[in-house]
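Colleague: Any chance you could fold what I've pasted below:
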Amino acid sequence: MAYGELEDLIETHVQRLWDLGVGRGDRVGIRVPSGSIDLYVAILATLFAGAAYVPVDWDDPDERARTVWEEAGVAAIFGRNLDLTRVEQIKTTNDIGSPRTRDDAWIIFTSGSTGKPKGVAITHRSAAALVDAEALMYLQRRPLGPGDRVMAGLSVAFDASCEEMWLAWRHGATLVPAPRDIVRSGPDLGRWIVEHHITAVSTVPTLASLWPREALDTVRLLIFGGEACPLELTKHLVRPGREVWNTYGPTETTVIASGAILTGEDPVRIGLPVPGWELTVVDSEGQPVAWGETGELIVGGVGLGRYLDPAKDAEMYAPLPALGWERAYRTGDVVRADKEGLVFAGRADDQVKVSGRRLELGEIDDHMSRVPACGPARVRCTPLRAAAA
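Modeller: Predicted coordinates:
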């Protein structure tokens, strides 16, 4: 589909939203099958209508969808085949028009330590800052353009999907959605990348480790994020003519907050701040540590989002008096302060990640305790050592 055709489709569905009274300040639930053009039409129509999109993965349980949309207070829902349903109990603003920088662009829910998902709202200002910042970071010698093809393989309920979409749209490149069954198969996705002449991929290391090395022959931009990147993997993938990046960032700070070009050498860094973002490493007293020391990573700057829960927002985005920051996000990640780029050192709590998606053990506790005859539950996580092979 050409950009001109896409624009016409977007205008049609923007008008549908406006006809329902959905406009600025409203929220639209999106649950459309992955890998379809309809999914991206729904997202763009929502943004252009001035509303924020609230995605739920097509394969997620209905209970998850109901929880997310109830917490977000959606005014309408896009479903399969772009069916649009009005949620009657929600009173909309009726403020019709293009979005403003202070309006929310998307609301994505992360795992919650109490068993309840946490909604994070990101404004158009923060989203646009990320898109432009990445254009300043990646492929400076030969930027992405209309001849490039960007893989879209991540769930839209995972904030890294925003990077895939806007890597293509910011540069006029082609976005190529990968079917969900192909993404899950590992080796088959490697063949799919070759067959579709993909030149840019944003993914998690776990997936990339399953692909044959030749699957990335045409890829000139490879971005990792969401989980720790193994040194051995980078040694196989770094080569002349290809930029391989390791990025870091919680959902709460607009997808990524730092990045480093990988060289295949130790250590594997999470890098320096994205342009417009601010990073500092503090000790248990909230004071910045010296170079070479470890501490908790704190994020400030243009990328800060906000929790829908005001109490949680005040707790996690509290001021940082030591640096005079009025608002700063406590990541809970422990890093080593290094002038060449931060080095990830672990977590300060029991949060874990599965294929790049955040999972707090309290959420598992909550679900297990609801199982008949299970009773009170407590999950413990024991790290596994990789096999020598």
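Colleague: and T247, helix, strand or coil?
Modeller: Assigned by DSSP: H, G, I helix; E, B strand; the rest coil, the conformation of T247 is strand.
Colleague: Is it correct that it is in contact with S258?
Modeller: Yes. T247 lies in contact with S258 (Cβ atoms under 8 Å); the separation is 6.9 Å. C-beta coordinates here come from the backbone N, C-alpha and C atoms, glycine included.
Colleague: Which neighbours do those two have in common?
Modeller: 270-271 (Cβ atoms under 8 Å, 6 or more residues apart in numbering).
Colleague: Just give me the neighbour total for T254.
Modeller: Around T254 there are 32 other residues, counting by other Cβ atoms under 10 Å.
Colleague: I should have written T280 there, sorry.
Modeller: When neighbours are counted by other Cβ under 10 Å, T280 registers 21.
Colleague: Could I get the average pLDDT for the helix or strand hosting it?
Modeller: Assessed by DSSP states H and E, T280 sits inside strand 277-282. What strand 277-282 shows for mean pLDDT is 98.
Colleague: Same check on stretch 45-62?
Modeller: Averaged over stretch 45-62, pLDDT sits at 95.
Colleague: residues of that stretch that come out buried?
Modeller: For stretch 45-62, the buried set under the neighbour-count rule, 16 or more other Cβ atoms under 10 Å, comprises 45-58.
Colleague: Distance to K118 and secondary structure added to those residues, as CSV?
Modeller: Below are the buried residues of stretch 45-62 laid out as CSV (distance: Cβ to Cβ, whole Å; DSSP: H, G, I helix; E, B strand; the rest coil):
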residue, distance to K118, secondary structure
A45, 26, helix
T46, 21, helix
L47, 22, helix
F48, 27, helix
A49, 25, coil
G50, 24, coil
A51, 21, coil
A52, 16, strand
Y53, 17, strand
V54, 13, strand
P55, 15, strand
V56, 15, coil
D57, 16, coil
W58, 21, coil
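Colleague: Among those residues, which one lies nearest to V131?
Modeller: V131 lies nearest to L47 out of these, by Cβ to Cβ, at 12.1 Å.
Colleague: The closest residue in space to the closest one that isn't next to it in sequence and D8, how far apart?
Modeller: Spatially, and ignoring its direct neighbours in sequence, L47 is nearest to A105 (6.1 Å; Cβ to Cβ, 6 or more residues apart in numbering). Distance, A105 to D8, by Cβ to Cβ, to the nearest Å: 22 Å.
Colleague: which one of those two has more residues nearby?
Modeller: A105 (23 against 10).
Colleague: Pick out the residue nearest the middle of this protein.
Modeller: The residue lying closest to the centre of the chain (Cα atoms, centre = their mean) is D159, at 1.9 Å.
Colleague: Quick check: pLDDT value at that one.
Modeller: Looking at D159, the pLDDT reads 94.
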